[in-house]
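*Asks:* coords please:
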Amino acid sequence: MTYKAYIDNIKANTGRDPEYFQKMAKEKGLVKHAELLSWLKSECGLGHGHANAIIMYIQNPQLAKKKILEDAKGEKAKK
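*Replies:* Have a look, this model is predicted:
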């Protein structure tokens, strides 16, 4: 599964984009991986892999956005 697919599934299942989770984590003062993982799994209902995808976006949004674009280009190339 691509990183973009994880993000797309999260949007489809929660109605929330990564920016929402990023904003909420900041408001709650969550920065460490373990605390973000616990919060995303317990309060947001995400599975382990999906939570890790959001954590990547929270901790390194530039890299996450780059991965999404790369995955989108890869999807177009396969068509």
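
*Asks:* pLDDT at the residue nearest the centre of the chain, what is it?
*Replies:* By CA atoms, centre = their mean, the chain has its centre lying nearest to residue 54, at 2.3 Å. Residue 54 is assigned a predicted lDDT (pLDDT) of 98.

*Asks:* do residue 74 as well
*Replies:* In this model, residue 74 carries a pLDDT of 90.

*Asks:* ok, the spatially closest residue to it that is not a sequence neighbour - how many residues close by?
*Replies:* Excluding the flanking residues, the one nearest residue 74 by CB to CB, 6 or more residues apart in numbering is residue 2, at 7.2 Å. Heads up, the C-betas are built off the backbone N, CA and C, glycines and all. Counted by other CB atoms under 10 Å, the residues lying close to residue 2 total 14.

*Asks:* same thing with residue 38?
*Replies:* Burial measure for residue 38: 13 neighbouring residues, criterion other CB under 10 Å.

*Asks:* contacts for the helix or strand of the chain with the lowest mean pLDDT?
*Replies:* Ranked by mean pLDDT, DSSP states H and E, the weakest helix or strand in the chain is helix 61-78, scoring a mean of 93. Residues from elsewhere that reach helix 61-78 (CB atoms under 8 Å, 6 or more residues apart in numbering): 2, 3, 4, 5, 7, 18, 22, 56, 57.

*Asks:* let me know the angle separating the helix or strand the fourth one falls within from helix 61-78.
*Replies:* Under DSSP states H and E, the secondary-structure element containing residue 5 is helix 3-14. For helix 3-14 and helix 61-78, the angle between their directions (axes from the mean of the first three to the mean of the last three CA atoms, to 10 degrees) works out to 100 degrees.

*Asks:* so which elements touch helix 3-14?
*Replies:* helix 48-59, helix 61-78 (3 or more CB pairs under 8 Å, 6 or more residues apart in numbering; DSSP states H and E).
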